[in-house]
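In: predicted model and sequence below, questions to follow.
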Amino acid sequence: MNKLLSFPSILLLSFVASSITCMVCDDSKVKETQQKEQPMLYDTSKVYERNIVELSMDNVHPVPLPPKEKWRRVLGYDVATPFGIPACPISLSSGVKFLSKLGFSVFTYKTIRSESFKAHPAPNVCLIPNMKQLSYADNKQPIHALEDAKKSPSIACSIGNACLDIEWVKEDIARARSYLQEGQLLIVSVYGVASEMRAAAQDFAYTALMAQKAGAQAIELNLSCPNVNGGLLYLQSDKVYEIVSTVCTALKDLPVIIKVGAFPDEETLNEIMFTAMRAGARGVCSMNCLPMQIITAEGKPVFGKRIHAGVSGGCIKDLALEQLHFLLKFKEKWAQSKMNIHHTECEIFSTGGVASAADLIDRVNCGAQIAMSATGVINNPYLAQQALRNKLFS
């Protein structure tokens with residue numbers, strides 16, 4: 001396993017990113033700031049490690065949270081707004097610092113491991129065209145990368161579940177938690193692998209306990225990363241049960257959710273979700289990126305030997321909505337199931353193709369507890385603020 005050693009420049013850059021100045025202003029100044037062209041929060045020309053510590057944004061204007069009577073109960077916590085950021089390159093402390101002031105209330109810290117692990121070499125993110133809505137069957141088809149473009153609603157990512165130096169990560173989780181206000185929630189995404197020391201399920205539990213001690217208020221089990229070896233865990237019922245039950249036993253009362261990708265059909269989704277909920281999960285975040293072949297105009301792999309990468313953003317919106325509707329039907333089945341001996345609710349965190357304020361509102365109106373956006377926020381960090389100001393949102 002490749003390890004990424006801690007180096008002073010990362011710590012220095014993280015503190016530079018933490019020094020973003022925030023000031024309260026009137027609505028006219030907020031609108032003026034939003035009208036200016038905001039560069040993507042993730043610079044595809046930089047390596048992953050530089051991106052996550054150099055993340056910055058100009059003129060962050062704090063958004064007032066709704067009154068407490070409008071807050072919601074999520075995983076046992078009072079949450080001010082139903083908008084969040086899923087695990088992604090902008091959900092470390094450098095991103096949480098300013099996004100927590102822009103109307104988002106739930107943050108899932110980028111997936112961590114029990115040991116440091118290098119990101120795939122650059123390039124590891126590229127822009128792709130938003131020319132059509134993708135289906136589950138499209139994961140067998142190649143898609144062309146955009147060249148010489150500065151922005152796109154859709155991207156392909158081949159980072160590979162990277163994790164910085166563990167001591168730095170633990171400090172950064174605590175730093176992210178310290179930036180949260182009342183009514184905000186920090187979930188930490190974890191990933192486990194089998195080794196000479198631990199089985200994969202035990203490694204998930206070990207990493208989850210580490211995250212809990214660092215400040216996590218809930219845990220997400222990343223069973224769906226498209227950029228690691230070993231297959232997509234969320235499609236393997238026996239492994240889902242083993243991992244979820246092992247982690248829930250270790251954590252006791254800390255809420256646990258699972259992160260899944262797209263399911264090929266509703267029947268498979270129901271099977272896996274019944275398995276996860278029986279094992280102790282409290283909910284699900286759906287959906288992760290869609291694995292696809294990313295090629296250049298000449299037909300060559302964009303990421304070298306890494307033929308497949310995870311596609312996210314506007315082009316998977318319809319697929320993500322289909323998965324949400326499947327999950328909402330499962331939620332009703334679980335509520336009435338005899339297997340639900342503790343009478344728990346399946347809480348749904350919906351992401352995938354959320355590219356606008358209207359998309360955030362639509363996911364909540366459809367029935368998701370929390371609507372989340374990663375690629376959309378990378379392009380426009382004001383999505384939650386715009387949703388809160390929308391008359392369609394109540």
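Out: Thanks, I have the structure now.
In: roughly how far out does stretch 335-344 sit from the chain middle?
Out: Averaging C-alpha positions (C-alpha atoms, centre = their mean, to the nearest Å) puts stretch 335-344 28 Å from its chain's average.
In: next, the buried residues of it.
Out: When burial is assessed from 16 or more other C-beta atoms under 10 Å, stretch 335-344 yields the following buried residues: Asn340. Bear in mind the C-beta positions are built from the backbone N, C-alpha and C, glycine included.
In: ditto for stretch 195-211
Out: Quick answer for stretch 195-211 (16+ other C-beta under 10 Å): 198, 200-211.
In: now stretch 256-275
Out: Result for stretch 256-275 [16+ other C-beta under 10 Å]: buried residues 256-263, 269-270, 272-275.
In: what about these, which are in helices?
Out: Using DSSP state H, the members of the buried residues of stretch 256-275 that fall within helices are 269-270, 272-275.
In: which strand or helix spans Leu209?
Out: Using DSSP states H and E, Leu209 sits in helix 200-214.
In: sec struct for Ala189, please.
Out: Small correction: residue 189 is Ser, not Ala. Three-state assignment for Ser189 (DSSP: H, G, I helix; E, B strand; the rest coil): strand.
In: what sits against it?
Out: The contact partners of Ser189, taken as C-beta atoms under 8 Å, 6 or more residues apart in numbering, are 87, 108-112, 219-222, 259.
In: show me where pLDDT drops low in the stretch 1-150 of the chain?
Out: Within the stretch 1-150 of the chain, the ranges that satisfy pLDDT under 70 run 1-38.
In: hmm, 50 instead?
Out: Within the stretch 1-150 of the chain, the set of residues satisfying pLDDT under 50 comprises 1-35.
In: would you check that Val63 makes contact with Lys101?
Out: Yes: taking C-beta atoms under 8 Å as the definition, Val63 is a contact partner of Lys101 at 6.5 Å.
In: leaving out the residues flanking it, which one is nearest to Phe274?
Out: Met339 (6.6 Å; C-beta to C-beta, 6 or more residues apart in numbering).
In: same check on Val244?
Out: Among residues not flanking Val244 along the chain, Ala279 sits closest, at 3.7 Å (C-beta to C-beta, 6+ apart).
In: what do you get for Gly283?
Out: Nearest non-adjacent residue to Gly283 (C-beta to C-beta, 6+ apart): Glu347, at 3.3 Å.
In: backbone phi and psi for that neighbour, please?
Out: Main-chain torsions, Glu347, degrees, to the nearest 10: phi -90, psi 140.
In: report the buried residues of the longest helix along the chain.
Out: Longest helix in the chain, counting residues (DSSP H): helix 317-336. Of all the residues in helix 317-336, those buried under the rule 16+ other C-beta under 10 Å are 317, 319-324, 326-327, 330-331, 334.
In: which one among the residues you listed gets closest to Pro153?
Out: For the buried residues of helix 317-336, the residue nearest Pro153 by C-beta to C-beta is Lys317; the value is 9.1 Å.
In: what residues are up against the closest one?
Out: By C-beta under 8 Å, 6+ apart, Lys317 lies in contact with 133, 352-355, 359.
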